[in-house]
Structures are given as structure tokens and as C-alpha cells.
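dropping the sequence and predicted coords here.
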Amino acid sequence: MLASAILPLGACQNDGRTEGNLLPAEAAGEGWRGDYSSAAERAYVVARDAEEWTALWARVGQPAPAALPRGRMAVAVFLGPRDTAGYGVAIDDARQAGGDLVVGYHEAVPGPAQAVAQSRTSPYAIRLLPAVAGTPKFVRGK
């Protein structure tokens, strides 16, 4: 069973059309990925204020690298514990669609013949994007 922790967002106030990708081109300080977090379960997180930003980074297991920039929000995917290395996650896009904020992500899974380290991991990905309203929907891609 997949557990999720989604911090609520307000309703989106647009005419229902799907907007373009809200993710800026990934630059230094715009996104973070790693193999080791403190997440004990799969989680989807949205941080729109300082308190949520701090809680997001507590789930990573380290302090936030800086304050949440003004006019920005963060989306994050935590995979939870994995028994080996070779797993990963990346956030691909974020779009407004009607009253939703749709966040697309994909997971990397080691192949059956792939050599992987026998160490526990807990992969995560975090991306900054412009602050927008909308109910978050995280959608796993291929």
C-alpha cells in the first residue's frame, strides 16, 4: 500500500485549461535529488511556506539549504526505504490543469541483471517552482 503525505493547496482559479510546464530549467539551487533520506515511507510533499519547507527538509534528514525563496514553492517525492542501491526518482514536470497542480515524476528501478550495492537507500527528489494554487496530484510516468 502506498502512503502519501500531501500538504493541501488552495483551489486553482483558472478557466480549466492545462498550462505549460511550471518547472524552470534545473539550475543550481532549483532541485535536489539523493539516495539517502530519513523518509520511512513513500510520500508526496508540497511546501508553500517556511514551516512546510522546514518539515520537507526534516524528511530528507538535513537542514534546508536556504530559506524558501519568495514567490516559490517546492514539490517533493520520497520513495521510502529500498533494500539496495540502484533506485532513484526525478520530478519531470508540474502543470496546472483545472483546479489541480499535476506533478509528473519517474522512478528508476534496477534491472534483474544489474549489479547494485547491498545497502539500504531511501531516494528523494525536490524541485522548486513558481508558487501556484491547486490541489496536488502526483503522477508516476514511465
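Alright, I've got the coordinates. Numbering: from 1, shown residues only.

any weak-confidence spans in the chain?
1-19, 23-29 (pLDDT under 70).

most remote residue from it's center?
Within the chain, the residue lying farthest from the chain centre (CA atoms, centre = their mean) is residue 113, at 28.5 Å.

I'd assumed it was in a strand, is it?
No. Looking at residue 113 with DSSP: H, G, I helix; E, B strand; the rest coil, it is coil, so not inside a strand.

relative to residue 60, how far out is it?
Taking CB to CB, to the nearest Å as the measure, residue 113 falls 31 Å from residue 60. Where you see a C-beta, it was placed from the backbone N, CA and C, and this is true even at glycine.

one more: residue 35?
11 Å.

which residues sit in contact with residue 22?
Applying CB atoms under 8 Å, 6 or more residues apart in numbering to residue 22 gives the contacts 93, 94, 95, 96, 101, 129, 130, 132.

now residue 31. Nearest residue, chain neighbours left out?
The shortest distance from residue 31 to any non-neighbouring residue, by CB to CB, 6 or more residues apart in numbering, is to residue 127 (4.5 Å).

hey, C-alpha coordinates of stretch 132-142 in PDB?
Coordinates of each C-alpha in stretch 132-142 appear next as PDB, following Å, rounded to 0.1, in the frame of the first residue of the first chain:
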ATOM      1  CA  VAL A 132       0.700  28.400  -7.700                       C
ATOM      2  CA  ALA A 133      -2.600  27.300  -6.200                       C
ATOM      3  CA  GLY A 134      -4.100  23.900  -7.000                       C
ATOM      4  CA  THR A 135      -4.800  20.600  -5.400                       C
ATOM      5  CA  PRO A 136      -1.600  18.500  -5.800                       C
ATOM      6  CA  LYS A 137      -1.800  15.300  -7.900                       C
ATOM      7  CA  PHE A 138       1.400  13.300  -8.200                       C
ATOM      8  CA  VAL A 139       1.500  11.200 -11.400                       C
ATOM      9  CA  ARG A 140       4.100   8.500 -12.000                       C
ATOM     10  CA  GLY A 141       5.400   8.300 -15.500                       C
ATOM     11  CA  LYS A 142       7.500   5.700 -17.300                       C
END
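
mind listing what's buried in it?
Residues of stretch 132-142 classed as buried: 132, 134, 135, 136, 138 (neighbour count, 16 or more other CB atoms under 10 Å).
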